[in-house]
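Q: Structure for the following, please:
(one chain, ligands or ions: 1)
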Amino acid sequence: MSYQYVRLERVGATGVVTIANPPVNALHPDVAADIESAARQVEKDTSLRSMILTGEGRCFVAGGDIRYFTEIDRRGAADMALRVQRMQNVLFDLRVPVIAAINGHALGGGLELLLSCDFALAEEQAKIGVTEVQLGLIPGAGGTQMLFSALPFGTAKRLLFTGDRLTAAEAARWGLVDQVCEQGTSVEVALDIAKRINSAGPLAVEAAKRSANFRLRHSLDEGHRREVDIFSALFETTDHREGITAFLERRSPNYERK
Ligand SMILES: CCCCCCCCCCCCC/C=C/C(=O)SCCNC(=O)CCNC(=O)[C@H](O)C(C)(C)COP(=O)(O)OP(=O)(O)OC[C@H]1O[C@@H](n2cnc3c(N)ncnc32)[C@H](O)[C@@H]1OP(=O)(O)O
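A: Residues are numbered from 1 along each chain as shown. Presented below is the predicted three-dimensional model:
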């Protein structure tokens, strides 16, 4: 299936989704809708075990499309924010892990999109921040909520109130991204990580994501109970039997689907 603003390519068991809305991959409804559609296509293709989200050119995503903002009023802004949050939930709750390969600037909605992915790595030249206050706005795609899943409360507030643009190295030091890589290598590095995810038990990887995400929406006690349910259910899977048999037979497990 082809899209106007994204490309979806298969690399092994990984779906690589590249946002292509020159010159800076600004997010407007049609771009966000294409990202959502491509993610849903990955969801449905059970031969895919991971997804990478990246951008074409010098930006991952330069934020919401400021020109589009000139066309909407308060109601339009509310509709837009609700729609983009729905798209982000598709990424957040996707069956497989989503790695953000930050190929360039991730600003405003671009950082909020990064936070919808499971983890991120950033190229050394990228600048990362929630710049909305500098435009007289606040993040409208979950930034004031999701930043606290990645940063200490005070640090997240400092970013929100200043609109500062962190270097990739600062973002890594603060835990906003997992690692920094050389310019032009983020997809290659992400594919190397994805390969290790793809070789693990696919049902276990999907279960680990569900269990971890559950914690972001529920209390610790509820999360512990949910983990027990998810953990014990895996004991009835052929993946688990293959995993322990392989270990006892001193060989690598084979999770390939027949
Ligand atoms: C499923 C459906 C969902 C529907 C929802 C739709 C999606 C909407 C998302 C909403 C998200 C909620 C709230 C989020 C708000 C924001 O993100 S506000 C914007 C935050 N971003 C910024 O503050 C970054 C602004 N841009 C810059 O700082 C710089 O442009 C840059 C990115 C660092 C690049 O700099 P440089 O390489 O020097 O290029 P420039 O000359 O500055 O720019 C090149 C051209 O690109 C245009 N441009 C840049 N950023 C944007 C932008 N965010 N929106 C629109 N256009 C942008 C810039 O104007 C230049 O255009 P020309 O002058 O025509 O060349």
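Q: does the worst-scoring helix or strand of the chain on mean pLDDT come close to the ligand?
A: Taking mean pLDDT, DSSP states H and E as the measure, the chain has helix 143-150 as its least confident helix or strand, at a mean of 91. No: residues of helix 143-150 are not located near the ligand by C-beta under 6 Å from any ligand atom, the shortest gap being 7.4 Å. To be clear about C-beta, it is placed using only N, CA and C from the backbone, and glycine gets the same treatment.
Q: which helices and strands sit right next to the helix or strand following that helix?
A: Toward the C-terminus, helix 143-150 is succeeded by helix 153-162 as the next helix or strand (DSSP states H and E). Applying 3 or more C-beta pairs under 8 Å, 6 or more residues apart in numbering; DSSP states H and E, we find helix 153-162 packed against helix 143-150.
Q: Also compute the angle for the helix it packs on relative to helix 153-162, please.
A: In terms of direction (axes from the mean of the first three to the mean of the last three C-alpha atoms, to 10 degrees), helix 143-150 departs from helix 153-162 by 150 degrees.
Q: re the thing from before, and the least confident helix or strand of the chain, what's buried?
A: Going by neighbour count (16 or more other C-beta atoms under 10 Å), the buried part of helix 143-150 is 143-144, 146-147, 150.
Q: for stretch 208-219, same thing?
A: So for stretch 208-219, counting by 16+ other C-beta under 10 Å, buried means 208-209, 211, 214.
Q: Give me the distance between that stretch and the centre of its chain.
A: 15 Å (C-alpha atoms, centre = their mean, to the nearest Å).
Q: what does that stretch contact?
A: 92-97, 118, 149, 222-223, 226-227, 230-231 (C-beta atoms under 8 Å, 6 or more residues apart in numbering).
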